[in-house]
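*Asks:* give me coordinates for this.
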Amino acid sequence: MKKLLSIFGILLLLGAVILGTHTFVQRKKNHEIAVKPSDAVTNSQNTEQQQAKFNKTKYSIDDPSSIWVIANKNRPLNPLTYSPSDLVEVGNNQQMRTEAATALTTLIAGAKAEGLTIQALSGYRSYSKQVTVYNNEVSKYGQAVADSESAKPGYSEHQTGLAVDVGGGGCGIEDCFGETAEGKWLALNAYRYGFIVRYTAEKQSITGYRAEPWHIRYIGTELSNEMHEQNVTTLEEFFGL
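*Replies:* Numbers count the residues shown, from 1 in each chain. Here you go, the predicted structure:
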């Protein structure tokens, strides 16, 4: 009888230990769940930390010779007649600054490796050339349309030597380029080579220009990758302009 009582007592003790352990573990799990921040908060914190790490002042957005210079309808180049000193050929008698030209060559090779053909159609434009381009647009389509499609002299990215209009897939500087295999590839992969598709339909209210799937702007892979990571597509938004 004493032996049975002893066994019963041991079983009760084991049961109490198991129950206590289970309760402790469950409470700990509940506590961890309660104090764990939501995924939204975590992602927000990670984004803020990432933004804090990136140095937005590494290059000037005002100096026309900077690869981060921002020229738009409200930000003219200074001086208005700026001309880069390191222009080189990129094909089709077009020119870009040396660093941008090297990146474009690599981009074209990347597209070729995928069986696609991309070529430069309009690169650097001088101040005087932009005068002609802009005035022609105004005479053909009127001031309002011209301003949605063409920059005023001194306000054009083409004048920096960092922008280029490209074509391929049987389409040149036309809306159809965005529907070609080349245009779709460019939209997805330009950032890998330090470029962004500068003007998209979704951001017309920000950039001031209608969609131009053929117009890409060199900003360097450091910035293009950062913008891609943050899912920001315009320089105006990224730099808070």
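*Asks:* the strand with the most length in the chain packs against which elements?
*Replies:* Longest strand of the chain, by residue count under DSSP state E: strand 212-218. With contacts taken as 3 or more CB pairs under 8 Å, 6 or more residues apart in numbering; DSSP states H and E, strand 212-218 sits against helix 98-113, strand 163-167, helix 181-189, strand 195-199. For every residue, glycine as well, the C-beta is placed using N, CA and C.
*Asks:* excluding sequence neighbours, find me the nearest residue to Ser128.
*Replies:* Distances taken as CB to CB, 6 or more residues apart in numbering place Pro153 nearest to Ser128, at 7.8 Å, with adjacent residues excluded.
*Asks:* looks like that neighbour contacts Pro79 (just checking).
*Replies:* No. In terms of CB atoms under 8 Å, Pro153 does not count as a neighbour of Pro79; the distance is 11.8 Å.
*Asks:* pick out whichever of these two has more residues nearby.
*Replies:* Pro153 (22 against 10; other CB atoms under 10 Å).
*Asks:* next, the more buried one: phi, psi?
*Replies:* Per-residue torsions, Pro153: phi -60, psi 130 (degrees, to the nearest 10).
*Asks:* ok, now the one 3 residues further on?
*Replies:* With angles defined as degrees, to the nearest 10, Ser156 shows backbone torsions of phi -90, psi 140.
*Asks:* what about it, neighbour count?
*Replies:* 23.
*Asks:* and for Gln159?
*Replies:* So Gln159, with other CB under 10 Å, has 26 neighbours.
*Asks:* got a list of what Gln119 touches?
*Replies:* Listed by CB atoms under 8 Å, 6 or more residues apart in numbering, the contact set of Gln119 reads 91-92, 108, 166-168.
*Asks:* let's go with 10 Å and repeat that
*Replies:* Applying CB atoms under 10 Å, 6 or more residues apart in numbering to Gln119 gives the contacts 90-92, 94, 104, 108, 111, 164, 166-168, 172, 182.
*Asks:* wait, Gly183 sits on Ile118?
*Replies:* Yes. Counting by CB atoms under 10 Å, Ile118 is a contact partner of Gly183 at 9.0 Å.
*Asks:* send me the longest strand of the chain as PDB with only the CA atoms.
*Replies:* The C-alpha coordinates for strand 212-218 follow below in PDB (Å, rounded to 0.1, in the frame of the first residue of the first chain):
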ATOM      1  CA  GLU A 212       9.000  59.000 -72.200                       C
ATOM      2  CA  PRO A 213      10.000  55.300 -71.900                       C
ATOM      3  CA  TRP A 214      12.900  56.000 -74.200                       C
ATOM      4  CA  HIS A 215      14.500  58.700 -72.000                       C
ATOM      5  CA  ILE A 216      17.000  57.400 -69.500                       C
ATOM      6  CA  ARG A 217      19.200  59.400 -67.100                       C
ATOM      7  CA  TYR A 218      22.500  58.300 -65.700                       C
END
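*Asks:* just how off-centre is it within its chain?
*Replies:* 12 Å (CA atoms, centre = their mean, to the nearest Å).
*Asks:* repeat for stretch 128-137
*Replies:* Taking the mean of its C-alpha atoms, stretch 128-137 sits 29 Å from the chain's own mean (CA atoms, centre = their mean).
*Asks:* could you pull out the strands for the protein?
*Replies:* 87-91, 94-97, 119-122, 163-167, 195-199, 212-218.
*Asks:* now render those as JSON lines, adding distance to Cys176.
*Replies:* Formatted as JSON lines, those follow (distance: least, CB to CB, whole Å):
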{"stretch": "strand 87-91", "distance to Cys176": "21"}
{"stretch": "strand 94-97", "distance to Cys176": "20"}
{"stretch": "strand 119-122", "distance to Cys176": "14"}
{"stretch": "strand 163-167", "distance to Cys176": "10"}
{"stretch": "strand 195-199", "distance to Cys176": "15"}
{"stretch": "strand 212-218", "distance to Cys176": "9"}
